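>>> What follows is a predicted structure for the sequence shown.
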Amino acid sequence: MAYPEKQLDKITGTLQNVIFSSTDSYFKILSVHIEESTLEDWQEPEMITTGTFADVQEGSVYGFYGTMVRHPKYGQQFKVDHYENELPPDENGLIKYLASGQFSGIGKKTAEKIVDHLGLNAVNLILDDAKILDGIVKTETAKKLARTLQLNMGLERLFQISNQFGIGADIAGRLFDQYGNEAQDILTQDPYRLVFEFDGISFKKADDVGRKIGVATFDKRRMQAAVYATMMNVSFQSGHVFLSYDQLLLSTAQTIHDQRNEVVVQIKQAVKNLIQSNILVDDNGRFYAQSLYNAEKNTATNLKRLLQTHSSLDITANDIDENFVTPGQMVLDDTQIDAVKAGLKSQIFLLTGGPGTGKTTIIRTMVATWKKIVQNRAKFSDDNKDFLKQYKVRMASPTGRAAKRMTEVTGYDASTIHRLLGIADLDEPEFNADNPIAGGLLIIDEASMLDIELTSKLFSAVPNGMKVIIVGDSDQLPSVGPGNVLEDLVTSGDIPHVELQVIYRQGRGSSITKLATHIKQGELPADFITNQSDRSSFMVKAEQVPQAVQQVVRLAIKKGYTQDDLQILTPMYKTSAGVTALNQMAQNLFNPLKPTQKTLQFGTTIFRRGDKVLQLENDSERDVYNGDMGKITAIQYKHDVGNDDKEDRLVVDFDGKELTYPKKNLKQLSLAYATTVHKAQGNEFQLVIMVLTNNFGVMLNRNLLYTGITRAKSALILVGEYAAFERASRAAVPKRFTFLQQRLSDNTNDFKSDFISEDMPVISEPSTNYLTVAMIKSDEVDPMIGMKNITPFDFM
Ligand SMILES: Nc1ncnc2c1ncn2[C@@H]1O[C@H](COP(=O)(O)OP(=O)(O)OP(=O)(O)O)[C@@H](O)[C@H]1O
């Protein structure tokens, strides 16, 4: 078998025993008795061997390819890159193997018969097709033998084949989990299928395999996978819910690095085929992935349904006046009072405003007033308790942190939207149109983070008559996923809306709020670099940024800021002013390594007790979500008392809830002294250090800068290049292609007449400089412009 050129050693040996076997991956630690090896310096008869292994059998002989490594605690080990089952080299050996008792119903005689008929290649022939045993052994015995062989060797073969195609054992293991013994056939015969069905094989990877196995350039499967992958990549990279025809054709041509005329013809055919098989939708010239089309349509349908219904509580203006409860001694202004009244009267209501304009104050007022009205009405109901339950307040937000803040200010339970809907991982939500959520008033905060898919699930689960208040700041970054929901709802004009504009925040933090308002206008204020009591700036050259940030953090620590109070924000992970580099720097300042301190390394990160960490994925089962921050309270090695994972692990405290992270789960965590602005959405910090340099290029835009600085509650320090801050303040966030606003108004016209200018080049006759022309024409909406080498993972 041809493996990629790597300098690997080989050990052939008998597996003595499996020392450790991970429960949710194929990672194992084996003790191997060496029979032959290419290692020159190893004289011991045994070797501890680690890696990803299938259902390996103790007593069987394997060939392990890999390298010697030194484990910090356990010393020299052989780290396996790939391995193979060394089948017995002669007929006698093979008969012994088949009759060894591993295969039920096969004794020496049957084994002889099999080897007699099928020869030395018997095992491979049976694995290829069990029918080959017809007439040699009983059907039942043949089936069992094939199944056991497949279990023992199917995954091994898959590992080997995947390795040949440059696919790691992790992905191969997941392929086996999803497709079982079919995985090998799919990979070697129809790799493009995986682009549609399997999360982890990109078009490029599938295409690598496809080209190696000889799939033709214009093979239907290849072209369709390219179109589909392009549609998904562009949607998720740029936030578009749909693409224009030309964009789809052009971007697909870019995906396959081939822009010849005949390619475009083939791409068009592939688009047609995908529409016929309901994978893509052509909605009057808007090209959608089916799931995004459904989400957008479903959101519009449900919003219209809700707008037409009435709450059975039937609140009058009088009710509101009589029961109006303003929290504290505050005097609300007229717009704020209007917001409370309109909010409680409307079926669906939008409340928007920048920081410090009173959104939270209005939520508190609405909730308190609603509660009083409900309590008064409950006195006249037959079942008081039931009545209160029927009209209870539900509150949710896209992030855990924002939900927590809602609970703190209102005293009501708030949760993430995922939890509200009972969404566990990739499963369908527990609450949906058939099983709606209960309550009378639903308040959704931080609505700028809502993408179209989550919004669709949310509104499906809202029953007729439940009032919905959607609160957010539409100048913040749009959602990471496709859609521009809050902005679309606001501009539709179909939903009652109040925008709060007067800033009430006084004292510390107030000049930050003013700065935010200024940036909204698209420029930096004249006093941008003049230090204020709550904000200051250090404008330096890009290469000086790490040092400048270090100085600022040192100073902040001296002034008494803790790691919880201080947050460094930057647009992405890479560069010396990016998240990864700044995290390492800040970790050394806040939590320097002490001698003999326990550490746990994952990738390039070395976690220590006391580190501030960030959850990177939603884990609804453990109620911890993407963007949640915690602190490492312990590092436990696998033999430590009380470590029931029997694997090295971290213990992390998330606001009083302790969770463990065995090594295999560490990909869910990163250090959190510095994070991307995207990850900080929904969070607030006493002191924010916002870092921008020109190296962040296309990431620099107004919404990013605005969102970053408005995370600061009482102090803001701006570090970086003035030109980068200026560029960010001037650059509007690129337009997203969405159609929710028009769907709400039933304005579902032909797409082309709305958006595409007449002199847009026609893709069927591409000119040599077609790409350039198209980019310039549609620069506002082009999905790929400037995004070369940037993936959503650069800022998620
Ligand atoms: N009408 C008012 N009179 C006096 N103070 C007010 C008024 N409205 C709000 N405030 C105060 O202004 C500050 C900001 O209000 P609030 O927190 O409600 O705004 P917000 O829009 O939720 O801000 P953020 O989005 O930054 O959290 C609070 O201290 C609040 O008490």
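That came through fine. Numbers count the residues shown, from 1 in each chain.

>>> Okay, the most centrally placed residue in the chain and A396: tell me how far apart.
The centre of the chain sits closest to E617, judged by Cα atoms, centre = their mean, with a distance of 6.0 Å. Taking Cβ to Cβ, to the nearest Å as the measure, E617 and A396 are separated by 19 Å. No exception for glycine: its C-beta is placed from N, CA and C like everyone else's.

>>> just to revisit the earlier point, separation between the residue nearest to the centre of the chain and the ligand?
26 Å (Cβ to the nearest ligand atom, to the nearest Å).

>>> is it fair to say that residue lies in a strand?
No. Counting by DSSP: H, G, I helix; E, B strand; the rest coil, E617 is not part of a strand but coil.

>>> So which residues on the protein come close to the ligand?
330-333, 336, 353, 355-361, 504-505 (Cβ under 6 Å from any ligand atom).

>>> In ChimeraX, how would I select the buried members of those residues?
Entered in ChimeraX, the line below selects the buried ones among the residues of the chain next to the ligand, by 16 or more other Cβ atoms under 10 Å:
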select :332,336,353,355,356,357,358,359,360,361,505
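
>>> What about the residues of the chain next to the ligand, which are in strands?
Among the residues of the chain next to the ligand, DSSP state E puts G353 in strands.

>>> farthest pair in the residues of the chain next to the ligand?
V331 and P355 (20.4 Å; Cβ to Cβ).

>>> Any idea how many residues pack against the nearest residue to K73 once chain neighbours are set aside?
Leaving aside its sequence neighbours, K73 sits nearest to Y637 (Cβ to Cβ, 6 or more residues apart in numbering; 7.5 Å). Around Y637 there are 12 other residues, counting by other Cβ atoms under 10 Å.

>>> ok, Y637 to L650 distance?
11 Å.

>>> How about residues contacting the longest strand seen in the chain?
Counting by DSSP E, the longest strand found in the chain is strand 9-21. Residues outside strand 9-21 that contact it (Cβ atoms under 8 Å, 6 or more residues apart in numbering) are 27-39, 46-49, 56-68, 78, 86, 646.

>>> Bridge partners for I470, pull those for me.
For I470, the beta-bridge partners under DSSP bridges are L350, I444.

>>> Then A414?
Residues in beta-bridge contact with A414 (DSSP bridges): M395.

>>> contacting residues around it?
A414 sits in contact with M395, A396, S397, A403, K404, M406, T407, D445, where contact means Cβ under 8 Å, 6+ apart.

>>> so where's this protein shaky on pLDDT?
Along the chain, the model assigns pLDDT under 70 to residues 1-6, 23-24, 152, 425-427, 506, 509, 747-796.

>>> Pretty sure K108 sits against Y97.
No. At 11.4 Å, K108 does not count as touching Y97 under the criterion of Cβ atoms under 8 Å.

>>> So which of the two has more stuff around it?
More neighbours surround Y97 than the other of K108 and Y97, with 19 against 11 (other Cβ under 10 Å).

>>> what separates the more buried one from the ligand, distance-wise?
Counting by Cβ to the nearest ligand atom, the gap from Y97 to the ligand is 70 Å.

>>> What is the burial count for the nearest residue to that residue once chain neighbours are set aside?
Nearest non-adjacent residue to Y97, counting by Cβ to Cβ, 6+ apart: P88, 5.1 Å away. Counted with other Cβ under 10 Å, the neighbours of P88 add up to 17.

>>> what ranges do the strands span in the stretch 201-350 of the chain?
242-244, 280-283, 286-289, 348-353 (DSSP state E, counting those that start in this stretch).

>>> State whether V69 is indeed within a helix.
No. V69: not assigned to a helix; according to three-state DSSP it is strand.

>>> Excluding chain neighbours, what is closest to it?
K79 (4.7 Å).

>>> name the element the nearest residue to D565 once chain neighbours are set aside belongs to?
Distances taken as Cβ to Cβ, 6+ apart put Q686 closest to D565, at 4.0 Å, once the chain neighbours are dropped. For Q686, the enclosing helix or strand under DSSP states H and E is strand 685-692.

>>> Would you mind pulling the contact partners of that strand?
545, 549, 552-553, 556, 561, 565-571, 577, 582, 700, 705, 708-709, 711-721, 724-725, 728.

>>> export the strands of the stretch 201-350 of the chain to CSV and tack on distance to L194?
Below are the strands of the stretch 201-350 of the chain laid out as CSV (distance: least, Cβ to Cβ, whole Å):
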stretch, distance to L194
strand 242-244, 23
strand 280-283, 18
strand 286-289, 17
strand 348-353, 41
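
>>> can you count the residues close to the residue of the stretch 101-250 of the chain found nearest the ligand?
Using Cβ to the nearest ligand atom, the single residue of the stretch 101-250 of the chain nearest to the ligand is G239, 22.6 Å away. Residues near G239, counting by other Cβ under 10 Å, number 25.

>>> How about Q224?
Q224: 25 neighbours (other Cβ under 10 Å).

>>> For G93, which of the strands of the stretch 201-350 of the chain is the nearest?
That would be, of those and by Cβ to Cβ, strand 286-289, which comes in at 53.5 Å.

>>> what's the burial count for Q550?
Neighbours of Q550 under the rule other Cβ under 10 Å: 15.

>>> Surely it is in a strand?
No. Q550 is assigned helix when assessed by three-state DSSP, not a strand.

>>> I'd assumed Q587 was in contact with it.
No. Proximity of Q550 to Q587 does not meet the contact threshold set by Cβ under 8 Å, at 11.7 Å.

>>> in which helix or strand would I find the residue located most distally from the centre of the chain?
In the chain, K109 marks the outermost C-alpha relative to the chain mean, sitting 55.8 Å out by Cα atoms, centre = their mean. In the assignment (DSSP H and E), K109 maps to helix 108-118.

>>> Which neighbouring elements make contact with that helix?
helix 91-98, helix 122-128 (3 or more Cβ pairs under 8 Å, 6 or more residues apart in numbering; DSSP states H and E).

>>> could I get that helix in PDB with only the CA atoms?
What follows is helix 108-118, C-alpha atoms only, in PDB (Å, rounded to 0.1, in the frame of the first residue of the first chain):
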ATOM      1  CA  LYS A 108     -10.200 -26.400  12.000                       C
ATOM      2  CA  LYS A 109     -12.000 -28.300   9.300                       C
ATOM      3  CA  THR A 110     -14.100 -25.300   8.100                       C
ATOM      4  CA  ALA A 111     -11.000 -23.100   8.300                       C
ATOM      5  CA  GLU A 112      -9.200 -25.500   6.000                       C
ATOM      6  CA  LYS A 113     -12.000 -25.600   3.600                       C
ATOM      7  CA  ILE A 114     -12.100 -21.800   3.400                       C
ATOM      8  CA  VAL A 115      -8.400 -21.500   2.800                       C
ATOM      9  CA  ASP A 116      -8.600 -24.400   0.300                       C
ATOM     10  CA  HIS A 117     -11.100 -22.500  -1.700                       C
ATOM     11  CA  LEU A 118     -10.000 -18.900  -1.300                       C
END
